[in-house]
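Novice: Quick one, fold the following:
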Amino acid sequence: MAIDLHVIIVSIEYRLAPEHRLPAAYDDAMEALHYIKTTPDDWLRDYADLSNTFIMGVSSGGNIAYHAGLRASVETDKLEPLVIRGLILHQPFFGGSQRTQSELRDNDPNFPLSVCDLMWELSLPIVDRDHEYCNPKVGDGPQLLEKIKLLGWKVLVVGYDGDVLFEHQIESAKLMREKGVSVVSQFGEGDYHGVDMFEPAKAKALHAILKNFILSSLVA
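Specialist: Numbers count the residues shown, from 1 in each chain. Now for the predicted structure:
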């Protein structure tokens, strides 16, 4: 991906549920951003343009990237010289208490609804799925989207209708648009959760989408 996009990618490790339930992963993502801004790493110090930074996540990482973005939006001054230009949410892992049509269809053999349910039970063991860590429509998230709008960040949301999470991804993009955020959505037909990990042609197509989005969002 780094070669195709001509970017430097920093892949972070974060604590996992059930030993470390949410928001531990969000805390780790923010710690990584603060590390990057002051890192002694030669590659980042000498070659990375920190003034054009994007937070990206895939699946559960998409959820983490979204919440890290919300947090980062209210402490941009503390992150300088790192400047965020946008968020990239690829098949983000959102949910809610109300079952959607894509969940009821449950036609993704690689990511069945039972696995999705288990992951939420492990990550949020004492609350339901209408919690802000799961459902972007509740909690402080909608209010913080106003800050993202004012910052001028762009957000890319990618999803496929064979994914049980598909309608939650559509709703998240709709919410952000309603709050005035500049959203680019790429929703495809027929594919499933994590398809680009198994099919190289799909990965190449995704890389083209990411590259176009990044280039359109850069500040000279």
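Novice: pull the longest helix from this protein.
Specialist: The longest helix of the chain (DSSP state H) is helix 200-217.
Novice: buried ones in that one?
Specialist: Residues of helix 200-217 classed as buried: K202, A205, L206, H207, I209, L210, F213, I214, S217 (neighbour count, 16 or more other CB atoms under 10 Å). Where C-beta positions appear, they are placed from N, C-alpha and C, glycine not excepted.
Novice: Return the distance of that helix from the chain's centre.
Specialist: How far helix 200-217 lies from its chain's middle: 15 Å, per CA atoms, centre = their mean, to the nearest Å.
Novice: One more: stretch 65-76?
Specialist: For stretch 65-76, the distance to the chain centre is 11 Å (CA atoms, centre = their mean).
Novice: residues in contact with it?
Specialist: For stretch 65-76, contacts defined as CB atoms under 8 Å, 6 or more residues apart in numbering pick out 23, 26, 29-30, 33, 55-57, 79, 83-84, 87-89, 92, 94, 133, 136, 140-141, 144-145, 147-148, 151, 153, 155, 172.
Novice: so which strand or helix has the residue nearest the centre of the chain?
Specialist: Centroid check for the chain by CA atoms, centre = their mean gives G62 as the closest residue, at 2.5 Å. In this assignment (DSSP states H and E), G62 forms part of helix 60-72.
Novice: So which bits of that helix are buried?
Specialist: By 16+ other CB under 10 Å, the buried positions in helix 60-72 come out as S60, G61, G62, N63, I64, A65, Y66, H67, A68, G69, L70, A72.
Novice: I'd like the distance from it to the chain centre, please.
Specialist: On the basis of CA atoms, centre = their mean, helix 60-72 sits 5 Å off its chain's mean C-alpha point.
Novice: go on, stretch 85-93?
Specialist: So, by CA atoms, centre = their mean, the centroid of stretch 85-93 is 3 Å from its chain's centroid.
Novice: Identify each buried residue in that stretch, please.
Specialist: Buried, per 16+ other CB under 10 Å, within stretch 85-93: R85, G86, L87, I88, L89, H90, Q91, P92, F93.
Novice: got the CA coordinates for that stretch in CSV?
Specialist: In CSV, the C-alpha atoms belonging to stretch 85-93 read as follows (Å, rounded to 0.1, in the frame of the first residue of the first chain):
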residue,chain,number,x,y,z
ARG,A,85,-6.0,16.7,7.0
GLY,A,86,-8.6,13.9,7.0
LEU,A,87,-9.9,10.5,8.2
ILE,A,88,-10.0,7.3,6.1
LEU,A,89,-12.6,4.8,7.4
HIS,A,90,-12.5,1.5,5.5
GLN,A,91,-15.4,-0.7,6.4
PRO,A,92,-15.5,0.9,9.9
PHE,A,93,-16.8,-1.2,12.7
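Novice: which regions of the protein sit below the pLDDT cut-off?
Specialist: By pLDDT under 70, the weakly predicted segments of the chain are 220.
Novice: repeat that for 50
Specialist: The model of the chain has no residue with pLDDT under 50.
Novice: hey, where'd the helices end up in it?
Specialist: 2-5, 24-38, 42-47, 60-72, 76-79, 101-105, 113-123, 141-151, 166-178, 195-198, 200-217.
Novice: winner for burial among these?
Specialist: Scoring the helices of the chain by mean neighbour count under mean count of other CB atoms under 10 Å gives helix 60-72 as the most buried, with a mean of 23.
Novice: For V164, list the residues it contacts.
Specialist: Applying CB under 8 Å, 6+ apart, the residues contacting V164 are S102, E103, R105, D106, D108, F111, P112, L113, C116, H193.
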